[in-house]
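Novice: model the structure of this input:
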Amino acid sequence: MTDERTVAASRSAGWLRVIGPGVLVAATGVGAGDLATGALVGSKLGVAVLWGVLLGAGLKFVLNEGLARWQLATGSTVLEGIVRHFGRFAQLVFLVYLLVWTYFTCAALMSASGIALHAMLPWGEAASDKVTYGIAQSLLAVLLVEWGGFRLFERVMAVCIGVMFVTVMTMAVLVGPSWGEIAQGLVVPRIPDLAGEGLNWTVALIGGVGGTLTVLCYGYWIREAGRTSPAEITTCRVDLAVGYTMTALFGIGMVIIGSRISVEGQPAALLVALSAQLEAELGSAARWAFLVGAWGAIFSSLLGVWQSVPYLFADFLSLSSKTAAANGLQAAINRRGWAYRGYLYAMATLPVVGLFGNFARVQQAYAVFGAMFIPLLAMALLLLNGSARRIGSEHRNGRLSTFVLLVAIGLFLVYGYFRIRRAFDV
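Specialist: Next up is the predicted model:
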């Protein structure tokens, strides 16, 4: 009996090692904005556009698979490959994007986590609780990253995503959807006409599945997991398939919930309002369950960003010398080094300023700038992975990968266009 339990535990640990980085991708990529977008689209268009969730998750899978394939085939991250093959200008453009993205994303995550915790534990006024709880959760994330190590980080993220997954899927079932309509929405691509806005919301749903900049962090997580050889490309594909399947299920669940309940508002506040409507429909237990699940989604995204984004800054600095750029082969990032820890402390504290004011104009500029990341990454993967000289003939893009990357470029350019329109109300 003991031997059987040992074997079962060993198999379970083996599967966790395989799917661990993919779970981190799912947990980090799904935050308040993604959940709210799914609910809003469901409220406006119903379940007819569920196919868009599958398409969005599939496109992000292809991007992350290309990123992992490049890294395992060449020994260098995509950032290192871009600097090596496209020069310092590309490196500087990335630094500007990283700094802008970090500030506004961290401020938004602190704000959203503060609002979510206030909804469960109202200590004072909403505005003051947002600041207090937001700062407290930011500092908690720093403690978990600094003193818990990568393994504790994985465990906490697994718990958060487990709570989020169970909550969203349970609520989606309890609201009583039409399963026939759901099946049709998953397999029959169509866009309901909503006063000319159906395409806008559908593209927003597709573009909102998963993360943006955080997809680059998968490369650092597989290094932490000890994956360094081309033989592990298949393992990464399985891992990413699990991660993006979970991401797609979250999106589908939120669209279903939104299709049964009318929702409006900004992301974090919308989730709080949605919990109140669930209480009216299903009782107070549903409200609490949903709030806990929403908080799990937001805090896991916050923790994932706090742990992973400093990798990018540290990697950027490691490429500052001409020798490093020429070699293009870097060792694992030192999480105890000043570059990683300094950026972690900066991103956990400086964006606190954003909790106190209205940054509508700069957020508009960020929306314009940030919408370009996915098509730029897709173009980089077309150039890096499309060249046998750069990646090797065995691992270069196939016709299907090339086609999907081209689709991603076109689709996310359209997504960016709609984000610009919404940002400036044009």
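
Novice: give me the element the closest residue to V203 other than its chain neighbours is part of.
Specialist: What sits nearest to V203 in space, not counting adjacent residues and going by Cβ to Cβ, 6 or more residues apart in numbering, is Y415, at 5.1 Å. Glycine gets a C-beta too; all of them are placed from N, C-alpha and C. Element membership for Y415 (DSSP states H and E) is helix 399-424.

Novice: tally of neighbours for the residue nearest to V203?
Specialist: For Y415, the count of nearby residues is 23 (other Cβ atoms under 10 Å).

Novice: residue contacts, W201?
Specialist: For W201, the contact set (Cβ atoms under 8 Å, 6 or more residues apart in numbering) comprises L40, V41, K44, L45, V49, L194.

Novice: and the residues you listed, which is closest to V215?
Specialist: Using Cβ to Cβ, the shortest approach to V215 within the contacts of W201 belongs to V41, at 21.5 Å.

Novice: is the closest one in a helix, a strand, or coil?
Specialist: At V41 the chain is in helix, as set by DSSP: H, G, I helix; E, B strand; the rest coil.

Novice: and the next helix or strand past the least confident helix or strand in the chain by mean pLDDT?
Specialist: Among the secondary structure pieces of the chain, namely its helices and strands, helix 322-327 has the lowest mean (mean pLDDT, DSSP states H and E), a mean of 48. Read in the C-terminal direction, the helix or strand following helix 322-327 is helix 338-349, with elements assigned using DSSP H and E.

Novice: what's that following helix in contact with?
Specialist: Taking Cβ under 8 Å, 6+ apart as the criterion, the residues outside helix 338-349 that touch it are 102-103, 106, 138-139, 141-142, 145-146, 305-306, 309-311, 313-314, 317-318, 333-335.

Novice: buried sites along that helix?
Specialist: Neighbour-count burial for helix 338-349, with 16 or more other Cβ atoms under 10 Å as criterion, is recorded at A339, Y340, R341, Y343, L344, A346, M347, A348.

Novice: just give the number of residues close to S43.
Specialist: 20.

Novice: how about the nearest residue to it, chain neighbours excluded?
Specialist: Across the structure, with Cβ to Cβ, 6+ apart as the measure, the residue nearest S43 apart from its sequence neighbours is G258 (4.3 Å).

Novice: now W221
Specialist: By the measure of Cβ to Cβ, 6+ apart, the closest residue to W221 outside its immediate chain neighbours is P21, 4.0 Å from it.

Novice: next up, phi/psi of P177, please.
Specialist: As for P177, its main-chain torsions (degrees, to the nearest 10) stand at phi -80, psi 170.

Novice: where in the stretch 101-250 of the chain is pLDDT low?
Specialist: Filtered on pLDDT under 70, the stretch 101-250 of the chain yields the residue ranges 194-196.

Novice: can you rerun that using 80?
Specialist: Low-confidence regions of the stretch 101-250 of the chain, defined by pLDDT under 80, span residues 126, 176, 193-200, 204, 207-212.

Novice: and if you look at the stretch 301-426 of the chain?
Specialist: Scanning the stretch 301-426 of the chain with the threshold set as pLDDT under 80 gives 319-333, 354-372, 412-426.

Novice: switch the cut-off to 70
Specialist: Low-confidence regions of the stretch 301-426 of the chain, defined here as pLDDT under 70, cover residues 320-332, 357-371, 416, 418-426.

Novice: how many neighbours does the residue lying closest to S229 once chain neighbours are set aside have?
Specialist: Distances taken as Cβ to Cβ, 6+ apart put L72 closest to S229, at 6.3 Å, once the chain neighbours are dropped. In terms of burial, L72 registers 21 neighbours under the definition other Cβ under 10 Å.

Novice: likewise for the one 3 residues further on?
Specialist: Neighbours of G75 under the rule other Cβ under 10 Å: 17.

Novice: doesn't T228 make contact with it?
Specialist: Yes: under the criterion of Cβ atoms under 8 Å, G75 is in contact with T228, at a separation of 7.2 Å.

Novice: on that earlier part again, return the member of the buried residues of helix 338-349 nearest to A276.
Specialist: Ranking those by separation from A276, with Cβ to Cβ as the measure, puts A348 on top at 30.9 Å.

Novice: coming back round to it: OK, contacts around the residue nearest to S43?
Specialist: Counting by Cβ under 8 Å, 6+ apart, G258 has contacts G38, A39, L40, V41, G42, S43, L274.

Novice: farthest pair in those?
Specialist: Of all pairs drawn from the contacts of G258, the widest gap by Cβ to Cβ lies between V41 and L274 and measures 13.2 Å.

Novice: so the nearest residue to L186 once chain neighbours are set aside, which of the three states?
Specialist: Beyond its immediate neighbours in the sequence, the residue positioned closest to L186 (Cβ to Cβ, 6+ apart) is L50, lying 4.8 Å away. Here L50 is helix, with the state taken from three-state DSSP.
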